[in-house]
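**Q** generate coordinates for the sequence data below:
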Amino acid sequence: MKKSFILKGLSALIILSSVGVAESAVNATHNVAHAEKNVKEIKNGNIAPYSSAVSFVSASGFSVGSNTVVTNKHVAKKLKIGDRVFAHPTGDSANGGVYSVTSKVEYPGIEDVAVVHVGKSEGGWNFDDHTTALPLASKAYVGERISVIGYPKPSFYGYKLFESTGKVVEIRSWQVTYDAYAEPGNSGSAIVNEKGEAIGIHYAGDREGTPDQKSYGIYFTKDIKDFIYKHMKN
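**A** Down below sits the predicted model:
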């Protein structure tokens, strides 16, 4: 009888211990995954560099100059003249106003870059007065800290602005690889260094759950920067 009671007690203790270990493992996994993503919602889009961000219906972009936005070529292909551009919205609030596409120019090379021009808002706001133009970095370095600033899954998250941080893993020709977490909708997001300069533009990422998940951007080479400068509105 006593032996049976002891065995039952040991069994209960083992079960409780197992549950505790499993729960700790789940919590640890959750915390690690959360730490790896390093993503935070930006509540105030009116300060730099966040005030450079713009949202299209299903993608991102950023201001680089007067009435001039940079985004991906695959994003620009879907834009029509007159489509709306939202300046650094944070959820339901389009803090910087709503503008319309007036023209677009695709980069002639294979790189996924395009320039989009916008006009005044419906309320007569001037785009330049309500956004901050991101300066383009002279160069980037492997290991430097960067942020991806844009609108992942905009319709799902309600056009909330997010910043994902990480570091540059590799720069090869026109492609930059980094470990900052990104999702669909981040296409066209600025890749920003710690000086607040754009080193490139996000265009793709590994499927979620891929071991050592990475993100990929177009590195702003001299040719690409020359293209952007050439097509800035005066």
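
**Q** can you tell me the element residue 75 falls in?
**A** helix 73-76 (DSSP states H and E).

**Q** max-length strand in this protein?
**A** For the chain, the strand with the greatest residue count under DSSP state E is strand 161-172.

**Q** any idea which helix or strand comes after the worst-scoring helix or strand of the chain on mean pLDDT?
**A** In the chain, the helix or strand scored least confidently by mean pLDDT, DSSP states H and E is helix 2-37, which has a mean of 36. Downstream of helix 2-37, the first helix or strand assigned by DSSP H and E is strand 39-42.

**Q** which other helices and strands contact the helix holding residue 75?
**A** strand 98-106, strand 114-118 (3 or more C-beta pairs under 8 Å, 6 or more residues apart in numbering; DSSP states H and E). In short, each C-beta sits where N, CA and C put it, glycine included.

**Q** need the contact partners of that helix.
**A** 56, 59-61, 104, 106-107, 111-114, 116, 187-188, 203 (C-beta atoms under 8 Å, 6 or more residues apart in numbering).

**Q** over to stretch 154-161?
**A** Residues contacting stretch 154-161 (C-beta under 8 Å, 6+ apart): 41-42, 45, 50, 53, 55, 57-60, 86, 88-92, 149-151, 185.

**Q** ok, stretch 215-225 next?
**A** By C-beta under 8 Å, 6+ apart, stretch 215-225 touches 72, 107, 109, 111-113, 136-137, 140, 148, 166, 171, 173-182, 186, 191, 198-206, 228.

**Q** picking that back up, convert the C-alpha atoms of the longest strand of the chain to CSV, please.
**A** Taking Å, rounded to 0.1, in the frame of the first residue of the first chain, the C-alpha atoms of strand 161-172 are listed here in CSV:
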residue,chain,number,x,y,z
LEU,A,161,4.2,51.4,-39.2
PHE,A,162,6.9,49.0,-38.1
GLU,A,163,10.6,49.1,-37.6
SER,A,164,12.6,45.9,-37.8
THR,A,165,16.2,45.9,-36.7
GLY,A,166,19.2,43.7,-37.5
LYS,A,167,22.6,43.8,-39.2
VAL,A,168,24.1,43.6,-42.6
VAL,A,169,25.2,40.0,-43.3
GLU,A,170,26.5,40.3,-46.9
ILE,A,171,26.9,42.8,-49.7
ARG,A,172,27.4,41.4,-53.1
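
**Q** from the chain's centre, how far out does that strand sit?
**A** When C-alpha coordinates are averaged (C-alpha atoms, centre = their mean, to the nearest Å), strand 161-172 and its chain have centres 9 Å apart.

**Q** check which helices and strands the next helix or strand after it is in contact with.
**A** Sequence-wise, the next helix or strand downstream of strand 161-172 (DSSP H and E) is strand 175-178. If contacts are counted by 3+ C-beta pairs under 8 Å, 6+ apart, strand 175-178 sits against strand 161-172, strand 215-219.
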